[in-house]
Structure formats: structure tokens, C-alpha cells
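Enquirer: below are the sequence and a predicted model for it; my questions follow.
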Amino acid sequence: MYKKRYKIDVSRVISTTSSNTFSSISASRKGQVTVFIILGILLLLALLLVVFVRREVVTFKPEEILPTEKGKVESFITSCIDEAGSEALFLIGLQAGYIEVPPRITSDGSIHLRVSPHTVVPYWAYGEIVDIPSLEQIKADIDQYLETHVRECLFAKEAFQEKYELIEKSPLAANTEIVESKVIFNLHWDVEIQDKSGEVITEIINHVAESPVKLRNVYQLAREIVEKEMQTLKLEDITQDLIALEHPDVPVAGMDLSCTSKTWDVGTVRQALLDLLRINIRELKVKDTSFIEFPEELPYYQNHYVWDLGEAVNDPRLGVTFKFDETYPYTFAVTPLSGTKMKSSNLGGSELLSFLCIQTWKFTYDMVYPVLVTVRDDTTGYNFQIAFTVHLVRNEPSRKEAFARPSYILEKATDEDYCAVLNIPMTVKTYELIENKEGIFNRLDLGNVNLSFTCLRYACDIGETDYDFANQGFAGLTQNFPYCAGGIMRGVKRGYKEDWERVVTTPGATIELGLAPLFKFPASNIKVVKHAFRSDLNAPVEDPGTALTNNEIALIDIIYRKDDDFPGTPFHKVEFVKSTGLGSQLEEANRNIGEEDSIEFLARADFTYELDITIIQDELITGGYKANWTIPWEALESADELVFHVLSTGKANEETMFELVNTLGEKSVFVPSPELR
């Protein structure tokens with residue numbers, strides 16, 4: 001068997017080794033050169049990169065930092081737009097589509113519902129009148145609000161003022177878009193950004209912010225509710241049904257086999273009806289909106305309290321609530337009424353039917369009241385509230401008669417009975433009024449005025465006005481009054497002249513009373529000085545004058561008239577008697593003298609009075625004075641004594657009396673005017 005052997009060729013080994021050694025040395029040198037070349041290239045690239053970067057850093061211009069700062073300014077303006085837009089939407093939802101409710105609405109209590117001292121919700125419908133702000137008007141109001149408040153937001157907070165100057169290059173021009181599912185606030189406002197050296201960096205022009213509030217949807221649903229109410233009188237139907245249910249405390253019609261008259265207290269009936277409305281109105285729902293279904297055991301509510309507004313309404317993202325509260329201004333009336341009682345009529349009981357007595361009754365109700373409606377966007381929690389009035393007259397739905405009828409009151413009613421039937425809401429405002437014919441006019445709120453209301457022979461004590469009634473910024477009182485076609489509202493306060501106004505009680509009416517301040521002057525500090533009367537008197541008298549004798553009486557009339565006084569009834573009149581001999585016997589004769597034995601003048605301004613003084617002795621006129629007298633307020637306020645100068649014949653006979661009376665007006669100019677000392 002052939003066996004392979006291992007052989008070594010020495011020459012080949014040496015030859016190979018020697019050749020490989022030289023090749024290895026040559027390859028090693030080439031590798032080193034390659035590495036150095038690569039390192040050199042890398043160093044060169046690194047050097048070039050450093051030079052490039054340094055060059056870029058050095059040549060980085062200010063405007064190239066703008067994207068960061070520009071974004072901050074833009075974001076800040078956008079936040080201002082968002083803030084102002086949110087405020088505008090909140091006010092619109094709070095006030096039935098108005099950012100600022102027009103004065104024509106706020107000043108008329110019959111066309112708005114006051115839900116707080118500072119918030120009114122305008123009626124979108126009252127009586128037959130529909131008054132709904134358009135979506136275009138709401139958009140215009142939002143635009144105006146943005147244009148007013150965004151600028152204040154940016155500049156009032158002095159944002160970015162330490163580093164930059166923000167220059168307005170154009171006025172603000174807002175263009176709000178009220179679209180299906182949101183509100184887009186577009187604002188064109190060219191704002192230039194400068195550094196502190198005045199170099200322009202950049203400018204930003206158009207700005208946009210959005211709100212997820214579905215204003216269009218809630219507005220359209222609210223409008224649809226009002227329009228359907230005007231067409232179908234849904235709320236009136238509900239009110240009619242509640243009365244027709246024959247609640248034990250809300251009688252309508254019936255009979256009873258009894259000889260005892262049935263009576264109901266009108267106050268109890270009114271409260272029962274108010275409770276029925278308050279509890280049931282809030283159960284009203286709108287079909288195809290968000291609400292909890294009525295259970296099957298309440299079929300009446302399922303059929304009557306789910307309001308189908310038609311195909312136009314189908315948005316389960318929206319919810320609607322209806323609310324009535326007895327604190328809202330309402331009018332209530334029921335007929336027939338005897339004082340404060342509703343009574344049945346007696347049939348039978350006569351000789352032929354002495355064994356049979358029947359009590360029958362039939363009452364008709366009027367109920368006019370407001371309902372507050374809130375449309376809610378469930379996706380954002382946004383509320384949009386409106387209000388409208390509901391009118392039931394004579395048990396029938398009717399928007400033609402805006403107010404309830406007066407309840408019939410029989411002659412046997414007492415003051416208490418009459419004053420207990422309060423169904424006409426009105427407001428009384430009271431002022432301190434200082435006014436004279438010389439152009440002085442000053443009117444200030446005056447609280448704590450006692451009010452009374454009279455109608456024919458009935459008199460009601462209303463109460464006192466508050467200086468800042470319900471935080472509404474006026475002195476007054478708002479409450480329900482009894483009906484009267486020609487009543488008198490009267491205001492009285494110590495230290496003031498009473499004022500009164502004729503009133504036809506009208507829901508929502510405002511009555512203003514102006515009370516003039518008075519100044520009391522002690523009657524004991526008044527003196528009468530006589531000067532001799534002569535037939536030929538044609539120049540000022542020179543005698544110092546004499547006092548009244550014990551058997552002389554001075555009748556003093558001080559009268560102030562206004563241009564609008566009723567004939568024969570001056571605005572202010574003081575009548576009193578002065579005599580040294582009668583003393584305490586004059587106390588009863590001195591009308592208008594108060595507890596302090598004083599007479600009252602109009603205060604805090606100069607007033608011109610008609611002064612008429614008559615001196616009587618032995619039932620004959622022996623002297624007098626007749627002229628206009630202007631009293632300076634400053635002199636009256638500081639005076640300690642008042643002196644009246646009169647002409648006197650000194651004797652009592654008819655001949656001199658007629659001569660004195662006939663010439664008194666023209667000759668009074670020759671005696672001194674009244675003196676305040």
C-alpha cells in the first residue's frame with residue numbers, strides 16, 4: 001500500500017519566504033500612506049466644517065430669530081382673541097343674544113326678565129310682538145367686541161414691551177364666522193415688530209382663533225321654540241290644562257248639594273297655581289334633543305310634555321330646559337271675587353225648594369307670566385338662555401291681551417281685602433328733588449320713603465323704599481300692587497314735602513316720586529312790625545315801626561307755585577297766625593306747625609314766594625302786606641330771626657279798611673321787605 005510522505009523543499013521555502021518578506025514590507029508602506037491620506041482628508045473636512053459653522057454663527061442676522069418670537073406674539077394675540085371671543089359668547093348666551101342689552105329693553109320692565117340684580121334676559125316674544133336679534137346682528141356685535149377688547153388685551157398687559165416695540169399698522173377688523181359646529185374669530189390686524197433700535201424685524205397681519213361652541217345650532221333651536229310657541233301656544237295650553245285638572249285649591253266650575261256656601265281664599269288659590277306652574281313647566285322637553293325619557297307609567301307626560309317642533313329640530317347634542325319661578329313678575333286675576341274670597345252661589349233653599357240647596361261656582365282665571373328657556377350645548381357645556389311671556393285670559397290661551405284683567409271687587413270689601421289682591425307688578429323710584437324757577441334742578445336718590453297707594457276709598461300701606469334697591473343702583477321698591485284704574489301713589493318722609501302721582505296700575509310700569517327737602521324755622525322767632533299807612537303814601541316809610549297790640553292778629557300766608565300746579569292748589573303753602581295776646585290759643589289755628597312749633601320753607605335753593613299778611617282787629621282788617629318775596633337759602637339757613645313789615649291804619653273802621661285793601665298791593669313796596677337776621 002502506497003503511503004504518502006511529507007517532503008520539504010528547502011529552496012522553495014527560502015525562496016518563498018524571501019519574496020514574501022519584501023512584498024510585506026512594500027504593502028505595509030502603502031497602507032501607512034493611505035491612512036495618512038484619509039486622516040488628512042478628515043482633518044480638512046473638520047476644518048472646513050468648523051469654518052462654515054463659525055461663519056454661519058457670525059453672520060446669523062436678527063431677523064433669523066424671528067420665527068420663535070413671531071410665534072410668541074402671534075400666540076399671544078390669538079389668546080387675546082380667544083379670551084375676548086369667549087367673553088362675547090358668554091354674554092350672548094346669558095342675555096338672549098345680546099352682548100350689551102339695548103337701553104330700550106333695560107328701561108322697560110315689561111319686555112325683559114330680570115334674573116339677577118345685574119342681569120336681564122330680553123323677551124323674544126311678549127304679547128303678539130316677536131323681537132329676536134338676528135344671527136347677523138349677533139355676528140356684528142361679536143366683531144365689535146373683538147375690535148374693542150383684543151387691542152386692550154395686547155397693550156394693557158405690556159406683553160413683549162421689554163424687548164420689542166409693537167406698532168399698529170392698521171385698525172382691527174374682525175370677521176366672525178358662525179358656522180355649523182363652531183365659531184371662527186378672524187381678525188385682520190397689521191402689527192409690526194421692531195427691536196429697541198427701531199429696526200423692523202417683521203409684521204404679522206391675519207389672526208385666527210376658534211371656539212367649539214355651537215352658537216348657530218343653539219340659536220336656531222331657541223328661535224324655533226319661540227316661533228312654534230307663537231304658532232301653537234304650547235305653554236298656554238299647558239297652563240290651561242293645569243287649571244282644568246281641578247286641583248282642590250284651584251276651583252274652576254262645579255256644584256255641590258249643600259246649603260253651606262263654599263269659599264276659597266284667593267291667596268291660597270294663587271299659590272297653588274304658582275306651584276303647579278313651577279313644578280310642571282320644568283318637565284317640558286323638546287323632541288329629538290337630549291333628555292331623559294319619561295317612564296311608561298307617566299303616559300300623560302309622554303303625550304303632553306314632549307314638544308315636537310318638527311323636522312327642523314334633530315340634534316341630540318343639544319338640551320332644553322324651561323323654568324318658571326314665582327319670583328318672576330307675573331299677573332294673576334280670578335273672577336268673580338268677593339274681597340279676598342272666591343265664593344259659590346246658592347241655588348234653592350226657597351219656600352218651594354226648601355228641602356234642596358245647591359252650591360254652584362264657575363271661575364275664570366287670567367295668568368300672565370314669563371318663562372326662562374335655556375338651550376344647552378352638551379358637547380361644550382355652553383348655555384344660551386332666552387325668555388318669553390305666556391298669556392292665559394279667561395281660561396283661554398290668548399296673546400292678544402298682554403295683561404291680566406282686574407279681579408272684580410265687591411263694595412263690601414275692606415281695605416285689608418282690597419290690599420291683599422296683589423297682581424300688578426310695578427316699580428316705584430324715589431328721589432330728593434330740588435327745583436326752582438331760576439333754573440336750579442337737582443335730583444338724587446332718596447331711600448326710606450314711606451309709600452302708600454289709594455284707590456277710591458281703599459288705602460294700602462306699601463312699605464319703604466330702599467336706597468339701593470336689590471343692588472340695582474336706584475332708590476325704590478318693586479312689588480305687586482292691587483288693580484286700580486285711577487289710583488294715587490304717595491311718598492312721605494320726615495323732613496321732606498310729600499309727593500304723589502296719579503297711577504293706572506300697569507304691569508311693568510315705573511312711577512317716580514320727587515320729594516322736596518324742607519327747612520323748619522321756629523315760629524317763636526318770627527316778629528311782625530307795623531308801619532303807619534296813609535292815603536298819600538308814595539315813598540318809603542321812615543318810622544321805625546311798632547309791634548302788634550294784644551288785640552291784633554296777623555294772618556300770614558306764604559305760597560310757592562310751580563308752573564304745573566293744579567288750579568287752586570299751590571305746590572307749597574304755609575298758613576299760620578301770629579299774635580302776642582292769644583298765646584297758646586293759636587296752637588290749633590297754626591296749621592303746618594310741627595312738634596317744634598315751627599313753619600316749613602322749601603330748602604337748599606332760593607325760592608320766590610307770594611307773601612300775603614293780613615292784620616285783624618275787632619273783626620276788621622287794619623293792616624297788611626302783599627308782595628313777592630325771594631328767600632336766599634344761605635340767609636334762611638343761618639338766620640336767628642325773621643321780621644315781617646306791614647302797613648297799618650292803627651284803627652278799625654270800614655272806611656279805612658276798604659282803602660287799605662284796595663291799595664295794599666301797590667303801597668306794600670314802601671315798607672321794608674321781610675328781614676332775615
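Expert: Okay, I see it.

Enquirer: just the helices in this protein please.
Expert: Using DSSP state H, the helices of the chain run over residues 10-58, 66-94, 103-106, 135-156, 215-232, 234-244, 266-281, 299-304, 415-420, 633-638, 654-667.

Enquirer: need phi/psi at residue 326.
Expert: phi -70, psi -10 (degrees, to the nearest 10).

Enquirer: my read: it touches residue 276, true?
Expert: No - Residue 326 is not in contact with residue 276 according to C-beta atoms under 8 Å; the separation is 11.0 Å. C-beta here means a position set from N, CA and C on the backbone, and glycine is covered the same way.

Enquirer: of these two, which one has the most company?
Expert: Neighbours per residue, other C-beta atoms under 10 Å: of residue 326 and residue 276, the larger number sits with residue 276, 19 against 13.

Enquirer: let me see the contact set for the more buried one.
Expert: Residue 276 makes contacts with 242, 245, 247, 250, as judged by C-beta atoms under 8 Å, 6 or more residues apart in numbering.

Enquirer: cool, and residue 598?
Expert: Residue 598 touches 520-523, counting by C-beta under 8 Å, 6+ apart.

Enquirer: the closest residue to it other than its chain neighbours and residue 242, how far apart?
Expert: Spatial nearest neighbour of residue 598, chain neighbours left out: residue 520 (4.0 Å); criterion: C-beta to C-beta, 6 or more residues apart in numbering. Taking C-beta to C-beta, to the nearest Å as the measure, residue 520 falls 58 Å from residue 242.

Enquirer: the more surrounded of the two?
Expert: Between residue 520 and residue 242, counted using other C-beta under 10 Å, residue 242 has the larger neighbour count: 20 against 16.

Enquirer: any idea how far that one lies from residue 447?
Expert: Applying C-beta to C-beta, the value for residue 242 to residue 447 is 40 Å.

Enquirer: also residue 323?
Expert: 32 Å.

Enquirer: what does residue 209 give?
Expert: From residue 209 across to residue 447, the span is 46 Å (C-beta to C-beta).

Enquirer: who has more neighbours, those two?
Expert: Just comparing residue 209 and residue 447: by other C-beta under 10 Å the higher neighbour count belongs to residue 209, 21 against 17.

Enquirer: so that one makes contact with residue 185?
Expert: Yes - counting by C-beta under 8 Å, residue 185 is a contact partner of residue 209 at 4.6 Å.

Enquirer: can you give me the strands in the stretch 551-677 of the chain?
Expert: With strands called from DSSP state E, counting those that start in this stretch, the stretch 551-677 of the chain shows them at 552-560, 572-578, 598-602, 607-617, 620-631, 642-648, 675-676.

Enquirer: using JSON lines, lay out those together with distance to residue 131.
Expert: JSON lines is the format used below for these (distance: least, C-beta to C-beta, whole Å):
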{"stretch": "strand 552-560", "distance to residue 131": "45"}
{"stretch": "strand 572-578", "distance to residue 131": "44"}
{"stretch": "strand 598-602", "distance to residue 131": "44"}
{"stretch": "strand 607-617", "distance to residue 131": "46"}
{"stretch": "strand 620-631", "distance to residue 131": "52"}
{"stretch": "strand 642-648", "distance to residue 131": "59"}
{"stretch": "strand 675-676", "distance to residue 131": "58"}
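
Enquirer: mind putting these into CSV with distance to residue 272 and mean pLDDT?
Expert: CSV is the format used below for the strands of the stretch 551-677 of the chain (distance: least, C-beta to C-beta, whole Å; pLDDT from 0 to 100):
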stretch, distance to residue 272, mean pLDDT
strand 552-560, 53, 91
strand 572-578, 50, 88
strand 598-602, 50, 92
strand 607-617, 55, 91
strand 620-631, 60, 91
strand 642-648, 63, 93
strand 675-676, 65, 93
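
Enquirer: so which of those gets nearest residue 440?
Expert: strand 607-617 (9.2 Å; C-beta to C-beta).

Enquirer: for that closest one, packing partners?
Expert: The contact analysis (3 or more C-beta pairs under 8 Å, 6 or more residues apart in numbering; DSSP states H and E) places strand 607-617 against strand 526-532, strand 552-560, strand 620-631, strand 642-648.

Enquirer: and of those, who's closest to residue 575?
Expert: Nearest of those (C-beta to C-beta): strand 552-560, 5.4 Å.

Enquirer: and the closest one with strand 642-648, angle?
Expert: Orientation check (axes from the mean of the first three to the mean of the last three C-alpha atoms, to 10 degrees): strand 552-560 against strand 642-648 gives 120 degrees.

Enquirer: can I get strand 552-560 as CSV, trimmed to CA atoms?
Expert: Only the C-alpha atoms of strand 552-560 are listed here, as CSV (Å, rounded to 0.1, in the frame of the first residue of the first chain):
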residue,chain,number,x,y,z
GLU,A,552,-104.4,142.3,66.9
ILE,A,553,-103.9,139.1,65.0
ALA,A,554,-101.6,138.6,62.0
LEU,A,555,-102.7,136.0,59.4
ILE,A,556,-99.7,135.1,57.3
ASP,A,557,-99.8,133.1,54.1
ILE,A,558,-96.6,132.1,52.3
ILE,A,559,-97.2,130.4,48.9
TYR,A,560,-94.9,128.9,46.4
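
Enquirer: so what are the sheet partners of it and their directions?
Expert: Partners of strand 552-560 in the sheet, by DSSP bridges, are strand 572-578 (antiparallel), strand 607-617 (antiparallel).

Enquirer: not counting its own residues, what contacts the last one?
Expert: Yep, that's strand 607-617 we're talking about. Identification of contacts with strand 607-617 by C-beta under 8 Å, 6+ apart yields 436-438, 528, 530, 548-549, 551-561, 601, 621-631, 633, 644, 646, 648, 652, 674.

Enquirer: now the stretch 251-400 of the chain, which segments are flagged as low pLDDT?
Expert: Scanning the stretch 251-400 of the chain for pLDDT under 70 picks out the ranges 347-356.

Enquirer: how far away is the residue nearest to residue 456 when sequence neighbours are not counted from residue 541?
Expert: Computed as C-beta to C-beta, 6+ apart, the closest residue to residue 456 that is not its neighbour in sequence is residue 484, at 7.7 Å. Separation of residue 484 from residue 541 (C-beta to C-beta): 56 Å.
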